[in-house]
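Undergrad: would you be able to build a 3D model of this:
(one chain, ligands or ions: 2)
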Amino acid sequence: MPARMLWHNARVATMSPQAADPWGLIESGAILTQGDTIEWVGAYDDRPRAARDANHVDLNGLLVTPGLIDCHTHLVYGGHRANEAEMRLNGASYEAIARAGGGIRSSVAATRAASEQELLAAAARRARALLREGVTTIEVKSGYGLSLDAEARCLRAARALGSTLPISVRTTYLGAHAVPPEFEGRPDDYITAVCEWMQTLHAQGLVDAVDAFCESIAFTSAQTRRVFETARALGLPVKLHAEQLSDQGGAMLAASFGAMSCDHLEYLGAAGVAAMRAAGTVAVLLPGAYYMLRETQQPPVALLREAGVPMAVATDHNPGTSPGLSLLLSAHMSCVFFRLTPLEALRGITVHAALALGLPDRGVLAPGMRADFVAWDVAALNELTYWFGHNPCRRVVVAGAELQE
Ligand code: NIG
Ligand code: FE
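TA: Numbering: from 1, shown residues only. Ligands and ions are numbered 1, 2, ... in the order given. Okay, the predicted model is just below:
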């Protein structure tokens, strides 16, 4: 039988939506784990008999939350785009750079030139930075390969991240990210290829979900629909980069396919909100891209809140629009730019992020859940989204084992 551990002397924020306290905070709390699973969470004084023989670990009064979940990243790519970022500072727009063959396409060239080992090594450095800040689950998209071989390489590198680091990885196939040069002017043919490759990549066990970029500089909703139909036929869940730069009706389309999430959403309208609500689709807010693109249109947070659409927050780490590696900073920015409350932001990187990935075994601390949790050196939970450029993460437990520095 795997070892039992009692993690005690902690202030435990379970983030359980059922708890009386909105954060699920338990003062003088403790967590009993067996192997990689939580067996019990509660006040130390109420610990079950089974806790007696467990190995005791003192968490020194620190605040504990579920392991953080970054539910939208493009962590695997070659090179970087600092030059384009500088061009944008000098006035060039993201769209203009993309239309001139830069943008995603320049990362595609660098990604294709990189070996799988190089892609993995670069992504692992990035994942380690996230992990140091308490991120224990990440979603990683392909989308910088845009050929069968290169997409497979990126997805394999993403999977390998999860076996080389103590972090869970969910992979998302984003073949429909941009039209690669060999399909220039033939986006419909490219979508045909994207759909064929999906079947191969899925057969290789490389795909947990399917995403597309529905936008005037990327794919139309009709093209996105074809991608979603193929995903549905394969039984794969979908998500969408929707309404980032304009309202394309992407969220409505995605909701009609029961999408797990729609992401970005700066230009989302009331009809899209209603469709997402009806479908149970999570709204993933990406303030890093909003900030980097100096966007001024904010996602309709008040409407989403009023409709009861769960909101998640992610880094959207990518070389073009969000080269950031701090999920806490993203959460902080979701409060400052989008006016999420600190509670909403913390839900956005725990329980709602788990929902956006369709992972029912994490995001809250409760019996039966994965034993992923983080101990923070803060006195109050709203400090987690208050400080920026500062990492209060002190201890990280992944699948019941504490990470050593
Ligand atoms: O999520 N919106 C599309 N994809 C990425 C950016 C890709 C890039 O510029 O490299 C995003 O912002
Ligand atoms: Fe993205």
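
Undergrad: and for whichever residue of the stretch 251-400 of the chain sits closest to ligand 1, the neighbour number?
TA: Residue nearest to ligand 1 within the stretch 251-400 of the chain (Cβ to the nearest ligand atom): residue 320, separated by 2.3 Å. Using the backbone N, CA and C atoms, a C-beta is placed for each residue, glycine as well. Residues lying near residue 320 (other Cβ atoms under 10 Å) number 25.

Undergrad: ok, the closest residue to it other than its chain neighbours - contacts?
TA: Once flanking residues are discounted, residue 320 sits nearest to residue 81: 5.3 Å by Cβ to Cβ, 6 or more residues apart in numbering. Residues near residue 81 by Cβ atoms under 8 Å, 6 or more residues apart in numbering: 102, 103, 106, 107, 319, 320, 323.

Undergrad: next step: these restricted to helices.
TA: Under the assignment DSSP state H, the contacts of residue 81 contribute 106, 107 to helices.

Undergrad: element containing residue 189?
TA: Using DSSP states H and E, residue 189 sits in helix 187-203.

Undergrad: list the helices and strands that helix packs on?
TA: helix 148-164, strand 168-176, helix 221-234 (3 or more Cβ pairs under 8 Å, 6 or more residues apart in numbering; DSSP states H and E).

Undergrad: so which bits of that helix are buried?
TA: Neighbour counts over helix 187-203 (16 or more other Cβ atoms under 10 Å) mark 187, 190, 191, 193, 194, 195, 197, 198, 201, 202 as buried.

Undergrad: ok, now how distant is the residue of the stretch 251-400 of the chain closest to ligand 1 from residue 104?
TA: 6 Å (Cβ to Cβ, to the nearest Å).

Undergrad: assign residue 111 to helix, strand or coil.
TA: Going by DSSP: H, G, I helix; E, B strand; the rest coil, the secondary structure assigned to residue 111 is helix.

Undergrad: separation between it and residue 343?
TA: 38 Å.

Undergrad: next: residue 271.
TA: The value you get for residue 271 to residue 343, if Cβ to Cβ is used, is 28 Å.

Undergrad: what does residue 239 give?
TA: If you go by Cβ to Cβ, the gap between residue 239 and residue 343 works out to 24 Å.

Undergrad: more neighbours: those two, which one.
TA: Higher neighbour count among residue 239 and residue 343: residue 239, with 30 against 15, using other Cβ under 10 Å.

Undergrad: just confirm that one is within a helix.
TA: No - per three-state DSSP, residue 239 lies outside any helix segment and is strand.

Undergrad: that one contacts residue 255, correct?
TA: No - taking contacts as Cβ atoms under 8 Å, residue 239 lies outside contact range of residue 255: 11.1 Å.

Undergrad: quick revisit: adding pLDDT, write the buried residues of helix 187-203 out as JSON lines.
TA: Output for these, formatted as JSON lines (pLDDT from 0 to 100):
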{"residue": "187", "pLDDT": "98"}
{"residue": "190", "pLDDT": "98"}
{"residue": "191", "pLDDT": "98"}
{"residue": "193", "pLDDT": "98"}
{"residue": "194", "pLDDT": "99"}
{"residue": "195", "pLDDT": "98"}
{"residue": "197", "pLDDT": "99"}
{"residue": "198", "pLDDT": "99"}
{"residue": "201", "pLDDT": "98"}
{"residue": "202", "pLDDT": "98"}
